[in-house]
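Peer 1: kindly return the folded structure for what I paste below:
(chains A, B, C and D)
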2 protein chains.
Amino acid sequence: MAFVNQTPILQALINEQRVSDPASARGRLLQEAARLFRDKGYERTTVRDLAAAVGIQSGSLFHHFKTKEDILKAVMVETIRLNTALMQAAADGADSPREKLRALVRAELESINGQTGEAMAVLVYEWRSLSEPSRAEVLELREIYENLWLSVLNELARNGEITADPFIVRRMLTGALSWTVTWYRPARGGLTLDGLTDQVLAMIRLHSVV
Amino acid sequence: MAFVNQTPILQALINEQRVSDPASARGRLLQEAARLFRDKGYERTTVRDLAAAVGIQSGSLFHHFKTKEDILKAVMVETIRLNTALMQAAADGADSPREKLRALVRAELESINGQTGEAMAVLVYEWRSLSEPSRAEVLELREIYENLWLSVLNELARNGEITADPFIVRRMLTGALSWTVTWYRPARGGLTLDGLTDQVLAMIRLHSVV
DNA sequence: CATTACCAAGCAAGCGCTTGGTTTGTAAAC
DNA sequence: GTTTACAAACCAAGCGCTTGCTTGGTAATG
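Peer 2: Below is the predicted model of the structure:
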């Protein structure tokens, strides 16, 4: 299995100013916001909670972001940007479509349950809290991400390796993988992300190519 | 495929006073609440929204329920009760474990995308809005529901028809099936729930028994 | 004629956000 | 190397509004 080091990818995006440095004030705020939004939900999280989490007054938040919703949007936008890059790298590192699928599953599980997990959960489950214009903006970025998956699944379908509709397979996988955030807990000697990846692929019916 | 008529099951539960009659004031309120909670989320839905949906003053709500959270809890509890009964009937109507699996998938898709869909979505996605005591209460009911699934999946595993861990298979299915609520839209000539069931089972690797 | 269902009014608390002013970091000017 | 200038970062206070919920009373029901 191809191992992808995330650090240089993150660093490149920071340099391009497409995501905030986690060491900066803005980056730290976004990280705390993701954690709070995931744990309590966007609506239950107050600007006072957010401010307290980074040790400033609630009013001072609005020096960095115009509105509370802008914080949510920023969490989502930066998360998609980072994860699109990570998924692209994962797919590029694999050869066959089947290996690419494994790499994508593994990478998405990593995104959901690893460092960016809080933000990913927000992206998936706080959709309704976005205003319509922001929603459209985020959706545009999400499409790029989804196309990565679809190109791999389409290739598998062309080869006859999967028989179900690629769109539907992707949607089922989206649900199944993102749901892991609610139950998967890595533990010493327990199920690892690689193990989880194996289980997912053991579940999926992949026909051998003739 | 075994077809299960939902009406008598619902009627029996109403008679036992385990779920509210949708025709009663309480039942109508719970239905509207489910719709609003799904569309806007629990937090974004105000008691004034709820009251307006059933045509009463906001204060009058508290004649029927002690708190707003009680409404959420009631939606969840009654939904589980109904759906546990529906799933039980679906499983009982099928013979082989494999057919039972199909029946459960079909029934859960029906629950999620059919009449009780709004309430099911609330059950899955508004978990965080419940207080800890209510959460425990709902969890207890959920366990009965989940055991229905697990007994079927365990049997399939014993027969060697699935190789992945039944617990994990169930969790993946939970995610995949409940996620359909975000994208599945039945349409004339489009994908039916039966078609969707077929797609799900086409995706899952089921080994033939020797 | 009591019980259930509701209304009209409003309270206390918490919400997102604004305002006016102070501190801090930084870099050129002298 | 101290001074000056200025913007970025932050604080203290609080405003206007919405929230869940209460209260005291009235209408319907059986």
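Peer 1: any weak-confidence spans in chain A?
Peer 2: Counting by pLDDT under 70, chain A shows low-confidence ranges at A:1-4, A:209-210.
Peer 1: go with 80
Peer 2: Counting by pLDDT under 80, chain A has low-confidence residues at A:1-6, A:207-210.
Peer 1: contact residues of it facing DNA strand C?
Peer 2: By Cβ under 7 Å from any atom of the strand, the residues of chain A that approach DNA strand C are A:45-48, A:58-59, A:62, A:66-69. All C-beta spots, glycine's among them, are computed from the backbone N, C-alpha and C.
Peer 1: run the chain-centre distance for the strand or helix carrying A:T84.
Peer 2: In the assignment (DSSP states H and E), A:T84 maps to helix A:68-92. A distance of 7 Å separates the centroid of the chain from that of helix A:68-92, by Cα atoms, centre = their mean, to the nearest Å.
Peer 1: cool, stretch A:182-201 as well?
Peer 2: On the basis of Cα atoms, centre = their mean, stretch A:182-201 sits 17 Å off its chain's mean C-alpha point.
Peer 1: ditto for stretch A:26-37
Peer 2: On the basis of Cα atoms, centre = their mean, stretch A:26-37 sits 15 Å off its chain's mean C-alpha point.
Peer 1: which residues in chain A form helices?
Peer 2: In chain A, the helices defined using DSSP state H lie at A:6-15, A:25-40, A:47-54, A:61-64, A:68-92, A:97-113, A:117-125, A:132-158, A:166-179, A:193-203.
Peer 1: interface residues of chain A facing DNA strand D?
Peer 2: For chain A, the residues in contact with DNA strand D (Cβ under 7 Å from any atom of the strand) are A:25, A:51, A:55-60, A:63-64.
Peer 1: before we move on, the earlier item: could I get the helices of chain A as JSON lines with mean neighbour count?
Peer 2: Listed next are those as JSON lines, based on neighbours: other Cβ atoms under 10 Å in any protein chain shown:
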{"stretch": "helix A:6-15", "mean neighbour count": "14"}
{"stretch": "helix A:25-40", "mean neighbour count": "20"}
{"stretch": "helix A:47-54", "mean neighbour count": "16"}
{"stretch": "helix A:61-64", "mean neighbour count": "14"}
{"stretch": "helix A:68-92", "mean neighbour count": "20"}
{"stretch": "helix A:97-113", "mean neighbour count": "22"}
{"stretch": "helix A:117-125", "mean neighbour count": "23"}
{"stretch": "helix A:132-158", "mean neighbour count": "16"}
{"stretch": "helix A:166-179", "mean neighbour count": "21"}
{"stretch": "helix A:193-203", "mean neighbour count": "18"}
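Peer 1: contact partners for A:L123?
Peer 2: With contact taken as Cβ atoms under 8 Å, 6 or more residues apart in numbering or on different chains, A:L123 is in contact with A:75-76, A:79-80, A:138.
Peer 1: now do the spatially most central residue of chain A against A:A157, distance only.
Peer 2: In chain A, the C-alpha nearest the mean C-alpha coordinate belongs to A:M120, at 4.1 Å (Cα atoms, centre = their mean). Distance of A:M120 to A:A157, computed by Cβ to Cβ, to the nearest Å: 26 Å.
Peer 1: same thing with A:V138?
Peer 2: Between A:V138 and A:A157 the computed distance is 28 Å (Cβ to Cβ).
Peer 1: do the same with A:E137
Peer 2: From A:E137 to A:A157 the distance is 31 Å (Cβ to Cβ).
Peer 1: near chain B, which residues of chain A?
Peer 2: A:39-41, A:43-44, A:125, A:128-129, A:162-165, A:168-169, A:171-180, A:183, A:191, A:196, A:199-200, A:202-206 (Cβ under 8 Å from any Cβ of the partner chain).
Peer 1: wouldn't A:L10 be in contact with A:R18 here?
Peer 2: No: under the criterion of Cβ atoms under 8 Å, A:L10 makes no contact with A:R18, lying 10.3 Å away.
Peer 1: could you find the closest non-adjacent residue to A:R106?
Peer 2: Of all residues not flanking A:R106 in the chain, A:T197 sits nearest, at 4.5 Å (Cβ to Cβ, 6 or more residues apart in numbering or on different chains).
Peer 1: distance-wise, check that neighbour relative to A:L123.
Peer 2: 21 Å.
Peer 1: what sits against the residue of chain A found nearest DNA strand C?
Peer 2: Closest residue of chain A to DNA strand C, Cβ to the nearest atom of the strand: A:G59 (2.5 Å). Listed by Cβ under 8 Å, 6+ apart, the contact partners of A:G59 are A:A51.
Peer 1: and for A:Q115?
Peer 2: A:Q115 sits next to A:Q6 when contact means Cβ under 8 Å, 6+ apart.
Peer 1: likewise for the one 3 residues further on?
Peer 2: Each residue near A:E118 by Cβ under 8 Å, 6+ apart is listed here: A:31, A:34-35, A:37-38.
Peer 1: ok and the helix holding A:T84 relative to helix A:97-113, angle-wise?
Peer 2: With axes from the mean of the first three to the mean of the last three Cα atoms, to 10 degrees applied, the angle from helix A:68-92 to helix A:97-113 works out at 150 degrees.
Peer 1: other residues contacting stretch A:89-103?
Peer 2: Stretch A:89-103 is touched from outside by A:1-2, A:4, A:9, A:104, A:106-107, A:148, A:152-153, A:155-156, A:159, A:161, A:197, A:201, A:206, with contacts defined as Cβ under 8 Å, 6+ apart.
Peer 1: what's the end-to-end length of it?
Peer 2: Stretch A:89-103 has an end-to-end distance of 9 Å (Cα to Cα, to the nearest Å).
Peer 1: and stretch A:123-130, by the same measure?
Peer 2: Stretch A:123-130: ends 10 Å apart by Cα to Cα.
Peer 1: that stretch: how far from the chain's middle?
Peer 2: Centroid separation for stretch A:123-130 versus its chain: 13 Å, with Cα atoms, centre = their mean.
Peer 1: I appreciate the help and will end here.
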